[in-house]
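[1] Prediction below, plus the sequence it came from.
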Amino acid sequence: MNSRRGVVIYRCVLPALVLGSVGLGFFWLSMQRPPSWLASLELATGALCCCIAGWVAGSTWTKACWTSAMERQVRTWRRIVDTMFGWIEEAPVPADSIHVLKRSLDKVMLG
């Protein structure tokens with residue numbers, strides 16, 4: 001359930017918020033009037049909205065990069081562990097010891 005919620009947040013909610021923030025930023029920046037304290041405040045508000053949109057887009061991109069890197073690491077380590085188990089199964093080791101080792105590695109992989 002938690003991963004499903006994360007998918008909804010990162011694929012639907014965050015892009016909508018980024019687009020809304022960029023749209024609000026461009027709206028405020030396009031509403032420029034002659035220089036006054038209110039125009040400066042509007043400019044600062046528009047710039048802040050664009051910065052927030054960039055920050056959210058950057059954090060989403062970073063999360064996607066880290067997720068793919070972690071998935072590659074897990075695949076690599078699983079291949080290494082499978083190779084090690086292949087070697088261990090060929091060696092004359094009691095089967096009970098192999099099952100204990102496999103359970104402990106499964107706990108580490110899930111935890």
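    Structure's in. What do you need? As the structure is a computational prediction, the values presented were derived from the model and not from experiment.

[2] Output the below-cut-off pLDDT ranges for the chain.
    1-3, 5-6, 32-34, 111 (pLDDT under 70).

[3] which residues of it fall in helices?
    2-8, 14-30, 37-90, 95-110 (DSSP state H).

[4] Would you mind finding the most buried of these?
    Burial of those is given as mean neighbour count (mean count of other Cβ atoms under 10 Å); helix 14-30 ranks first at a mean of 15. Quick note: C-beta positions are derived from backbone N, CA and C, even for glycine.

[5] could you say what helices and strands that one packs with?
    Contacts defined by 3 or more Cβ pairs under 8 Å, 6 or more residues apart in numbering; DSSP states H and E place helix 14-30 against helix 37-90.

[6] show me the residues around the residue positioned nearest the centre of the chain that make contact.
    The chain has Lys63 as the residue nearest its centroid, 2.2 Å off, counting by Cα atoms, centre = their mean. By Cβ atoms under 8 Å, 6 or more residues apart in numbering, the residues touching Lys63 are Tyr10.

[7] Quick check: it vs Trp87, distance?
    Separation of Lys63 from Trp87 (Cβ to Cβ, to the nearest Å): 36 Å.

[8] Could you do Gln73 as well?
    To Trp87, Gln73 is 21 Å away according to Cβ to Cβ.

[9] Same check on Leu14?
    45 Å.

[10] Same question for Met31.
    Plainly put, Met31 is 69 Å away from Trp87 if you go by Cβ to Cβ.
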